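Undergrad: I'd like to go over a predicted model; first the sequence, then the structure.
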Amino acid sequence: MSKDDQILEQFASKEYEHGWSVDFEADSAPPGLSEDIVRFISAKKDEPSWLLEWRLKAYRNWRKMIEPKWANVHYPKPQFEDIIYYSAPKKKKTAESLDEVDPELLKTFERLGISLTEQKRLTGVAVDAVMDSVSVGTTFKKQLLEQGIIFCSFSEAVKDYPELVKKYIGSVVPSNDNFYAALNSAVFSDGSFCYIPKGVRCPVELSTYFRINAANTGQFERTLIVAEEDSYVSYLEGCTAPQRDENQLHAAVVEIYAAKSAEVKYSTVQNWYPGDKNGKGGIYNFVTKRGICAGDYAKISWTQVETGSAVTWKYPSCILKGDYSQGEFYSVAVTNNYQQADTGTKMIHIGKNTKSRIVSKGVSGGYSQNSYRGLVEIHPRAENSRNFSQCDSLLMGDKCGAHTFPYIEVKNKSSQIEHEATTSKIGEDQIFYCTQRGIDEESAVALIVNGYCKEVLNKLPMEFAVEAQKLLALTLEGSVG
Amino acid sequence: MSKLTKEQVDHFFIDQFQSFENKLNGESKKPLHQLRKAAITAFKENGLPAAKNEEYKYTNIAKAFAKHLNVEALSDNNFALSSDEAAKYFIPELDAVRLVFVNGMLNKELSDLENLPEGLQIQPIKTAQDDFQDDFARHFNTHKIEGSDSFSDLNTAFTDGGVFIKISKSAVIEKPIACYYFTDAKEADVISQPRNLVIAEKNSQTSMVESYITIGEYASFTNAVTEIVVEDDSIFNYYKYQDESEKAIHVGATLVHQLGKSVFNSGTFSFNGAMIRNNLSIAVHSEHSETNMIGLYFLDYSTHVDNHTVVDHRVPNCESNETYKGVLDGKSRGVFNGKIFVRQPAQKTNAFQSNRNILMSDGSEMDTKPQLEIWADDVKCSHGCTVGQLDKDQLFYLKARGLDEKTAKSMLLNAFASDVVNPIKIEALKKLIESKIIERL
């Protein structure tokens, strides 16, 4: 067992690879939140009055709400009065081409391994890079526009397509949905907007990268994806953040609207700074993600790989409103050191013959706590609906915890629901089998964990699968040869 | 009928305690009364579980109170239940040590406490606090346990008419101990709060069955607590059978401490009632223990049954198995919450849990939440749960062979329930439950 401890030791002492920060002159609002700040943000972004009203309404609701406490996570309460709710890189004009983008910024992305130019040419991924809330470069925009696909930053969308934004914003996650969604609705700085018109199949994987940069800046991203009838889009989102001592708050909102026969595939790899090995610092990630299958035969699929954040609190959900609609949730959550993750999904079956599938894999090591919390709700009229859930936990070390809280509420007699969960550690026999065949113990652990997560990793688009595997290997560094 | 809020119900019980206390002549100096007072203080702090309470998310007892119970016109006297009448509700063909409680108080006339088998001692809890002072001090309400809540506090505060049962070292009690709890609601609404303490000493073997019966048209609220202490190498079989009236509210806690390497088997069978909440909490304090739990809820009309179970693995090398099954018809509602805690020292724990349900009607509802909380790494734990309906192919197969729909259905449901009926170790109880299932179909 001493070998195990050793591996864990190495695993635990691994430094955060992307931990560095670049100095920009930030154009910030004073810390704290008031109606004036909301007005300030709105004015900064030249927003129309309806959006300001919408923000103010959210803000007033937020004032009345109290922070939720039910999640199985413990952390010092964020000081909402000390947060700077808006900060944008100073040189902020919308770039027409990559040449106009701040070279400093481009360098940042290169260090992260996201070369806009490279990616553009080689991988065919259109990247809408978000750095501290203002979109700085959008590639492939023109090509996409030719097909009628809109993929731009949220603020551009507000300017150029106000009627679309107005129609769909808050339609899936209402501004008073929960504490953090309300906060986000009041102060969201920027984000991505994506619109796929009727009958269009988006030819490339759409992707955005989020990074938290300036100190003390809460990131309040808002993503809105609208897929019209018979359309298809695969959307990717990845996060890495520089090392910080103070806890940073990240409260994003993602809304997906899928009309009749539309399909949206949403994948994300999240690698916010998790804090150091003593649990100091790290990002708070309190995210509301929800999609609605509004029309018949619509399909939404969430795939996530979570390796970062000090505290994660995230439940990508599907409302299956249309008949024959489908929802999927594939998740790998890895926690280490003092990380805490409370994550899962909600599948709300409203339409007839709706189907959902949940596969959740948790890996916890060090002193971390990893919880799965999910809801499967079958409404009385959701005839013949079907759900299958599987949530497995893998424990690496005897100081960590794995918890499952699956809620299953069934109000229809013709539906069928199955749920299963297991918790175990890597078997000594499995390790033995590998070592006997000449694979050293560290590689064996990596092999087994990769195999354990394979079901989910396979669901990621190719470009992302590589990154995810890299991340997983990184988290397991020390045990990987 | 009065509509009560949670606060009003809380106050009602606190007031009740006042008058209850006044009636206890000369008891106020005894240790038991100190416990009562501590419990009512704890109850005052929390009151009944609020609507937002996670453990009572699907089961709103205060609402059931408001709907059924008229606390202003409670019956306060014990009716004379004739032995003939009582006998109708005894489990048929069961040769048992019989204990009969009427409205929470032990009724010696109806009980059969003569000629107790060797090694078995039974006493009213009030006298036992003196006669068995050591046992009492060691075990009565002393062990902390997950899953006991303010209802348990409330029960402790009103400890009065229950019994103390002790099985001596190495005793093998052949006859099961049968406890019948009659709620006599013929003339007014009734509240009863029986409280028992059972101690199974080293190397003993016991079977016990608790049956809850309501008579009469009026509403009732039963808040029962049975504490069971199982010592080294003992085997304890415990069954709970509930067939109450449609105005009966029942909250029952069975709090079990497995102190030694022991085997504890439990079975919970619910058929009727307005709102039934069963808290089965088992704390495993000693290595190499085994815990088996089975449950069946076979519901119709607007019966609401909520089974909350907790197995708290605190030590290594233990095993627990849990299987609960439900069949829901009419407008009935089933709730299941099975918690398994595996604490950090509890390495090499094997814990399995499954909850399977069949919905028979459109009005029925099932809310299930199997919950694993694990802090130890070298464990094997799993849970599974399903909600579905009878397999159409199987029904077709049987019908194709000439069985009518009803027979085919009952055959399949019987097979479904057999997993949880077959392990029952008391033959007469098994028969009763089988007949109850057939009657339902």
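TA: Sure, I can see it.

Undergrad: quick check: mean pLDDT of stretch B:409-417?
TA: For stretch B:409-417, the mean pLDDT works out to 89.

Undergrad: typed the wrong thing, it's stretch B:294-303
TA: Mean predicted lDDT for stretch B:294-303 stands at 91.

Undergrad: contacts for it next, please.
TA: By C-beta atoms under 8 Å, 6 or more residues apart in numbering or on different chains, the surrounding residues in contact with stretch B:294-303 are B:246, B:265-274, B:276, B:305, B:307, B:309, B:322-334, B:364, B:417, B:419-421, B:423-424, B:433, B:436-437, B:440. (Each C-beta comes from the backbone N, C-alpha and C, glycine too.)

Undergrad: up against chain B, what does chain A have?
TA: With C-beta under 8 Å from any C-beta of the partner chain as the criterion, chain A meets chain B at residues A:70, A:378, A:380, A:393, A:395-425.

Undergrad: go through those and flag which are in helices.
TA: Among these, no residue falls in helices (DSSP state H).

Undergrad: buried only: go through those for me.
TA: Neighbour counting with 16 or more other C-beta atoms under 10 Å in any protein chain shown marks A:378, A:393, A:395-398, A:400-425 as buried within the residues of chain A next to chain B.

Undergrad: ok so, going back, and chain A, which of the contacts of stretch B:294-303 reach it?
TA: B:Ser364.

Undergrad: need the buried ones from the contacts of stretch B:294-303 selected in PyMOL.
TA: To isolate the buried ones among those in PyMOL, judged by 16+ other C-beta under 10 Å, type:
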select buried, chain B and resi 265+266+267+268+269+270+271+272+273+274+276+305+307+309+322+323+324+325+326+327+328+329+331+332+333+334+364+417+420+421+424+433+436+437
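
Undergrad: so B:Arg314 sits against B:His285, correct?
TA: Yes: at 6.1 Å, B:Arg314 counts as touching B:His285 under the criterion of C-beta atoms under 8 Å.

Undergrad: tally of neighbours for B:Trp121?
TA: One correction, residue B:121 is Gln, not Trp. Look at B:Gln121: counted by other C-beta atoms under 10 Å in any protein chain shown, it has 16 neighbours.

Undergrad: skipping its backbone neighbours, what lies nearest it in space?
TA: B:Lys166 (4.5 Å; C-beta to C-beta, 6 or more residues apart in numbering or on different chains).

Undergrad: show me the contacts for the one you found.
TA: B:Leu120, B:Gln121, B:Ile122, B:Phe132, B:Asp135, B:Val198, B:Ile199, B:Glu201.

Undergrad: assign a three-state SS to the fifth one, would you?
TA: Looking back up the chat, that one is B:Asp135. Using DSSP: H, G, I helix; E, B strand; the rest coil, the structure places B:Asp135 in helix.

Undergrad: mind checking pLDDT for it?
TA: Per-residue pLDDT puts B:Asp135 at 83.

Undergrad: can you tell me the closest non-neighbouring residue to it?
TA: Of all residues not flanking B:Asp135 in the chain, B:Ile199 sits nearest, at 5.7 Å (C-beta to C-beta, 6+ apart).

Undergrad: my guess is the one you found meets B:Ser168, correct?
TA: No: contact between B:Ile199 and B:Ser168 fails when scored by C-beta under 8 Å: they sit 9.4 Å apart.

Undergrad: looking at those two, which one has more neighbours?
TA: Taking other C-beta under 10 Å, B:Ile199 and B:Ser168 do not tie; B:Ile199 has more neighbours (25 against 16).

Undergrad: any chance of the contacts of B:Lys166 in CSV, with secondary structure too?
TA: Shown next, in CSV, are those (three-state DSSP):
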residue, secondary structure
B:Leu120, strand
B:Gln121, strand
B:Ile122, strand
B:Phe132, coil
B:Asp135, helix
B:Val198, strand
B:Ile199, strand
B:Glu201, coil
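
Undergrad: closest to chain A out of these?
TA: B:Val198 (32.2 Å; C-beta to the nearest C-beta).

Undergrad: mind listing what the closest one touches?
TA: Residues in contact with B:Val198 (C-beta under 8 Å, 6+ apart) are B:Phe164, B:Ile165, B:Lys166, B:Ile167, B:Thr206, B:Met208, B:Thr226, B:Glu227, B:Ile228, B:Val229.

Undergrad: repeat that for A:Ser175.
TA: Contact analysis of A:Ser175 by C-beta under 8 Å, 6+ apart lists A:Trp54, A:Lys57, A:Ala58, A:Asn61, A:Ala181, A:Ala182, A:Ser185, A:Ala186.

Undergrad: coming back round to it: and the residue nearest to B:Asp135, bridged to which residues?
TA: Bridge pairing for B:Ile199 (DSSP bridges) gives the partners B:Lys166, B:Val229.

Undergrad: quick one: contacts for it?
TA: By C-beta under 8 Å, 6+ apart, B:Ile199 lies in contact with B:Asp135, B:His139, B:Ile165, B:Lys166, B:Ile167, B:Val229, B:Glu231.

Undergrad: ok, now how distant is the fourth one from B:Phe136?
TA: When distance is defined by C-beta to C-beta, to the nearest Å, B:Lys166 is 10 Å away from B:Phe136.

Undergrad: and the stretch 251-400 of chain B, which of its residues are near chain A?
TA: Residues of the stretch 251-400 of chain B found near chain A (C-beta under 8 Å from any C-beta) are B:344, B:347, B:357, B:359-362, B:364-389.

Undergrad: list buried residues within these.
TA: Buried among those by 16+ other C-beta under 10 Å: B:347, B:357, B:359-360, B:364-379, B:381-388.

Undergrad: show me the residues you listed that map onto helices.
TA: Per DSSP H, these never map to helices.

Undergrad: okay, now the unreliable bits of the chain?
TA: No chain specified, so I'll use chain A. Scanning chain A for pLDDT under 70 picks out A:1-29, A:87-141, A:208-218, A:238-247, A:463-464, A:466-467, A:470-481.

Undergrad: hmm, I had chain B in mind actually
TA: Flagging of chain B using pLDDT under 70 yields the residue ranges B:1-4, B:71, B:73, B:75-80.
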